[in-house]
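Trainee: Structural data only, the sequence is not supplied:
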């Protein structure tokens with residue numbers, strides 16, 4: 001597991017917050033805006049990658 005410094009950890013946490021918020025928006029607006037599976041899959045994968053780096 002790579003060692004991450006404080007700045008990198010903060011950056012990853014900020015990105016995680018954005019990704020989580022965007023996934024929640026997609027979930028809430030699925031009916032009115034249709035399903036964007038590609039974006040959702042990319043965000044889910046990125047969230048998993050961030051989790052692996054942080055923990």
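Mentor: Cool, got the structure. What you see is a predicted model, and the numbers here were worked out from it, not measured in a lab.

Trainee: which residues are in contact with stretch 45-55?
Mentor: Stretch 45-55 is contacted from outside by 2, 4, 9, 12, 13, 15, 16, 19, 20, 23, using Cβ atoms under 8 Å, 6 or more residues apart in numbering. For glycine as for every other residue, the C-beta is placed from the backbone atoms N, C-alpha and C.

Trainee: Pull up the gap between the second one and residue 28, please.
Mentor: When you say that, I think you mean residue 4. Using Cβ to Cβ, to the nearest Å, we find residue 4 at a distance of 32 Å from residue 28.

Trainee: So for these two, which residue has more residues nearby?
Mentor: When neighbours are counted by other Cβ atoms under 10 Å, residue 4 and residue 28 differ, and residue 4 comes out ahead with 13 against 10.

Trainee: so what's the more buried one up against?
Mentor: Residues in contact with residue 4 (Cβ under 8 Å, 6+ apart) are 12, 53, 54.

Trainee: For the second one, give its distance to residue 13.
Mentor: What that stands for is residue 53. Distance, residue 53 to residue 13, using Cβ to Cβ: 10 Å.

Trainee: Thanks again, I'm all set now.
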